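S.K.: got a predicted model here, sequence first, then my questions.
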Amino acid sequence: MTFDNKVIWITGASSGIGKALALELSKQQCKLILSSRREHILQEVKNECQQPENVKILTLDLADYKNMTSVAAKAISLFGNIDILINNGGISQRSLIIDTDIEVDKKLMDIDYLGTIALSKAVLPHFISLKNGHFVTVTSLMGKFSSPYRSAYCGAKHALHGFFDALRLEHDKDNIKVTMICPGFVNTNVARNALIGDGSSQNEQDTATENGLDVNVFAKRMLKAIKKEKFEAYIGKSEILGVYLKRFFPKLLHKVVLKSQVR
């Protein structure tokens, strides 16, 4: 698979992984739709792209998941079609279960899960009509195993795997692909923006995130996985071993995570 002449829609494109993907893809012969809540930041990202004439911006709030049909229609109208939807937008969380208000759990599910699947369901009829399409969803290693301080985040990310595994099965006949991207620690602002128990932002960096994979290296590896149309890709450093420990030695993983004291 090649990105040449493809129309690629990226959510969460104003910073972090989404911005890195946009800048990397702008070097290729494809058209981009960049979405997030902040139009002025998207415009800055567009201006940094190598071929800004091939980039359109479309504001999007994943929390407004009941209005995704109209947003998807606008996106399709920008270039006439969409070939790849990269579901990258979302938020994280850093708080103990006992300290986390239920509204924080709801917000994570509204944005990370319902917002993402509502947007994907809005695009799905277009992919079916084309008999082609590719959903790429950025979840997390926390969608495969869990960690303290991330209960709501883990719940939402696990749910995404359940939904998109079903979508892949239902629409194999329509030539629709699904790739789940599971990052480990990536050096972005995801920890700073993470919600704590009362719903406010953490506003500080995690040591593990600070020492995580460079976001530009991550973007290159992610695009390779998309080109190969992988079902799942685990991208990070040694933390990706947790996926295999969970599968074969779950009690050992439990002990390893407890000893790691990760926040």
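M.R.: Cool, the structure landed. Numbers count the residues shown, from 1 in each chain.
S.K.: any idea how far residue 213 lies from residue 178?
M.R.: Distance of residue 213 to residue 178, given as C-beta to C-beta, to the nearest Å: 23 Å. Yep, even glycine has a C-beta here, placed from its N, CA and C like the rest.
S.K.: of those two, which one has the most company?
M.R.: Between residue 213 and residue 178, residue 178 has the larger neighbour count (other C-beta atoms under 10 Å), namely 23 against 20.
S.K.: which SS class is that one?
M.R.: Classification of residue 178 using DSSP: H, G, I helix; E, B strand; the rest coil returns strand.
S.K.: quickly list what it is bridged to.
M.R.: Legend: beta-bridge partners of residue 178 under DSSP bridges are residue 135.
S.K.: give the contact list for it.
M.R.: By C-beta atoms under 8 Å, 6 or more residues apart in numbering, the contact list for residue 178 reads 134-137, 164-165, 167-168, 231.
S.K.: one more: residue 253?
M.R.: So residue 253 contacts 145, 242, 245-246 (C-beta under 8 Å, 6+ apart).
S.K.: the residues you listed: which two are farthest apart?
M.R.: The distance between the two most remote of the contacts of residue 253 (C-beta to C-beta) is 7.7 Å, for 145 and 245.
S.K.: which of those two has more neighbours?
M.R.: Shown here are residue 145 and residue 245; by other C-beta under 10 Å, residue 145 has more neighbours (20 against 17).
S.K.: what number of residues lie near the residue nearest to the more buried one when sequence neighbours are not counted?
M.R.: Closest residue to residue 145 apart from its sequence neighbours, by C-beta to C-beta, 6 or more residues apart in numbering: residue 246 at 4.1 Å. Residue 246 has 17 neighbours, counted by other C-beta under 10 Å.
S.K.: can I assume residue 246 is in contact with residue 143?
M.R.: No - in this structure, residue 246 is not within contact of residue 143 by C-beta atoms under 8 Å, at 11.1 Å.
S.K.: circling back to that earlier point, sitting in helices, which of the contacts of residue 253 do you find?
M.R.: 242, 245-246 (DSSP state H).
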